[in-house]
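[1] Predicted model and sequence below, questions to follow.
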Amino acid sequence: MTTSTIPIKISTKAIAQEFLDKYDTFLFDCDGVLWLGSHLLPSVKETLNLLEESGKKVMFVTNNSTKSRAAYTKKFASFGIKATQEQIFTSGYAAAVYVRDFLQLTPGKDKVWVFGETGISEELKLMGIDSLGGADPRLLESFDPETSPFLKDGLDPAVTCVIAGLDTKISYHKLAMTLKYLQQDGVKFVGTNVDSTFPQKGHILPGAGSMVESIAFAAGKKPVYCGKPNQNMLNSIASVMDLDRSRTCMVGDRLNTDMRFGTEGNLGGTLLVLTGIETEERALQKSDEYPTPKYYAEKLGDVYELTH
Ligand SMILES: O=C(O)[C@H](O)[C@H](O)COP(=O)(O)O
Ligand SMILES: [Mg+2]
């Protein structure tokens, strides 16, 4: 997929002001745009304050499923940034909405086996859907099919779905049990997001997609991915706020998720920042796998720094 335009670099005050004036709503990716792990990126807070003072609407759309929306409000607060749960959409929440509304799991009856962290199980719990696996510490013990506590009474027949996402404490026990459930007839396979890598300060680390695809390879099954670029997330946002897509900009650091999400969602614009996964060379090259961004910048904070 290509677009004919050459991306505009936000490198002058005039371009930065033109960018700000063009949109009323900004959808922000988090990892690689606002922060890298526990490191807030330069002038992010000032940029978000500038948007708020200018009456712009701001939403946060992250493919990181390790934290729940509630837990993310605490991460924002730790940086001194106000963000309500209603402004935050995660791929863990998107996956929970998918199993509730599309797969129509019955709360109190159907259960979900989780490969991933509390950001998935906590969102399911809020919907009344029980889950097992996830951050259960017994899954960190070495795996022995004769003694695994997850096998001694057999698999739980109430499990009708597996949700898999980023797990920074991956273990063979987790992989084995997830595969066991995927081998059961009729168990659905849902992935939170397909990101191959995960940007951290000074490092590009294995992402959710590298784990989910490894499980998919073992199971011989393809998951339904609920995070960006899946448009369900954008439709969820549009269902809770008055969204004028033509006056909305998606800001992200990854071409095959964030920029696709914005372009395929027919948003008025996209901004690719180079503080995460992508490089200027990739921002400028044409590809069939992803659209070129409308704008790009060295970092999000340039929008503030160039206008102040
Ligand atoms: O591996 C992952 O899950 C992703 O790299 C990470 O979570 C991306 O988060 P985002 O950039 O969408 O905030
Ligand atoms: Mg990102």
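    Ah, there it is. Numbers count the residues shown, from 1 in each chain. Ligands and ions are numbered 1, 2, ... in the order given.
[2] ok, the residue in the stretch 101-250 of the chain positioned nearest to ligand 2 - contacts?
    Nearest residue of the stretch 101-250 of the chain to ligand 2: Pro199, at 6.4 Å (CB to the ion). Backbone N, C-alpha and C define where each C-beta goes, glycine included. Counting by CB atoms under 8 Å, 6 or more residues apart in numbering, Pro199 makes contact with Asp31, Gly32, Leu36, Leu205, Asp253, Thr275, Gly276, Ile277.
[3] and the residue nearest the centre of the chain, how far is that from ligand 2?
    In the chain, the centroid-proximal residue (CA atoms, centre = their mean) is Asn63; its distance is 0.6 Å. Asn63 sits 7 Å away from ligand 2, going by CB to the ion, to the nearest Å.
[4] same thing with Leu274?
    To ligand 2, Leu274 is 12 Å away according to CB to the ion.
[5] Just give the nearest non-adjacent residue to that residue, would you?
    With sequence-adjacent residues excluded and distances taken as CB to CB, 6 or more residues apart in numbering, Leu274 is closest to Glu298, at 5.4 Å.
[6] list the contacts for the one you found?
    By CB under 8 Å, 6+ apart, the residues touching Glu298 are Val273, Leu274, Thr275.
[7] Tell me where the stretch 101-250 of the chain has strands.
    With DSSP state E, counting those that start in this stretch applied, the stretch 101-250 of the chain shows strands at 111-115, 130-133, 159-164, 188-191, 197-200, 203-206, 224-225, 248-252, listed in chain order.
[8] So what angle separates the directions of the first one and strand 159-164?
    By that I understand strand 111-115. 20 degrees (axes from the mean of the first three to the mean of the last three CA atoms, to 10 degrees).
[9] again with the last one
    Interaxial angle of strand 248-252 relative to strand 159-164 (the same axes, to 10 degrees): 70 degrees.
[10] quick one: strand 248-252 near ligand 2?
    No: taking CB under 5 Å from the ion as the criterion, strand 248-252 and ligand 2 are apart, separated by no less than 5.7 Å.
[11] and the helix or strand following that strand, how far out from the chain's middle?
    Counting by DSSP states H and E, the next helix or strand C-terminal to strand 248-252 is helix 260-264. In terms of CA atoms, centre = their mean, to the nearest Å, the centre of helix 260-264 is set 14 Å apart from its chain centre.
[12] Many thanks, have a good one.
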